[in-house]
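*Asks:* next come a sequence and a model predicted from it.
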Amino acid sequence: MLLLGLFVGINVHRAVNDLGRAAERERTQVDAVLVADAPPWVQESAGPAVASRPARYTDAAGRQREVVLIIPGRPSTGTVVPVWVDRDGTMTARPPTPADAVVLGVVATLGIGAVGGVALRAVWIAVRREIDRRNAAGWARDWARVEPEWSGRGH
C-alpha cells in the first residue's frame, strides 16, 4: 500500500506541477486597488475579520475592471492586493504552486496509505474470522469422534 501510495503521490505531484505551469502561461498576476473601506458591520469574531471589498485593476489590454474581493482584516482604501487574471482579463484563481504540488502529493500518498491500511486490516480480520470458524468446526468434528472413547462412553 505504501508503494502504491507513493506511486500515486508522485503522479499527483507531477500532474499538479504540469497544471500549474500551464495555468501560469494562461494567467497573469495584476495589482487590484481597494476603492472603499471595510463596512462598519464587519465584526471580528473567533478569527480575523473578513469583508467583501470593491476593487479595481487594469487588465493586459489596458481596460479598467471592477471586482469585489473577499479580503481578510481591515486594510484601508488604496491598499494593493495581488489578483490573477486570465487572457481575457477576467479575475481567476491563482495557479497551483510547486508547494501546492508537494502538499497534494504528500496528502495523496498518506491518504492511499491510510485507506489501504484500513482495507488490508479489514481483510485480515475477515480472513482470521473465517480461519477461526473453520478451525472451530474442525475441532468440533474431531472432538465428536474422539470424545466418546476418551470419556469412556464409547465402551
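*Replies:* All right, it came through fine.

*Asks:* what number of residues lie near A61?
*Replies:* With neighbours defined by other CB atoms under 10 Å, the count for A61 comes to 9. Where C-beta positions appear, they are placed from N, C-alpha and C, glycine not excepted.

*Asks:* next one: T97
*Replies:* Counted with other CB under 10 Å, T97 comes out at 13.

*Asks:* what sits against it?
*Replies:* Applying CB atoms under 8 Å, 6 or more residues apart in numbering to T97 gives the contacts G20.

*Asks:* strands along the chain, start to end?
*Replies:* 28-34, 50-58, 64-72, 80-85, 91-92 (DSSP state E).

*Asks:* can I get these in a markdown table with mean pLDDT, mean neighbour count and distance to A119?
*Replies:* Putting those into a markdown table (pLDDT from 0 to 100; neighbours: other CB atoms under 10 Å; distance: least, CB to CB, whole Å) gives the following:
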| stretch | mean pLDDT | mean neighbour count | distance to A119 |
| --- | --- | --- | --- |
| strand 28-34 | 92 | 16 | 43 |
| strand 50-58 | 87 | 17 | 40 |
| strand 64-72 | 89 | 13 | 39 |
| strand 80-85 | 93 | 16 | 39 |
| strand 91-92 | 90 | 17 | 38 |
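
*Asks:* could you dump the ones you listed to TSV with distance to A114?
*Replies:* Shown next, in TSV, are the strands of the chain (distance: least, CB to CB, whole Å):
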stretch	distance to A114
strand 28-34	36
strand 50-58	32
strand 64-72	32
strand 80-85	33
strand 91-92	33
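
*Asks:* can you tell me which of those is nearest to G152?
*Replies:* Across the strands of the chain, G152 has its closest neighbour in strand 50-58 (85.1 Å, CB to CB).

*Asks:* give me the helices and strands touching that closest one, please.
*Replies:* Of the remaining helices and strands, those touching strand 50-58 by 3 or more CB pairs under 8 Å, 6 or more residues apart in numbering; DSSP states H and E are strand 28-34, strand 64-72, strand 80-85.

*Asks:* can you list the domains in this protein?
*Replies:* The record's domain parsing of the chain by automatic domain parsing lists 1-24+96-155, 28-94.

*Asks:* which of the ones you listed has the lowest mean pLDDT?
*Replies:* Mean pLDDT is lowest for domain 28-94 among these, at a mean of 83.

*Asks:* and it, how far apart are its ends?
*Replies:* End-to-end span of domain 28-94 (CA to CA, to the nearest Å): 9 Å.
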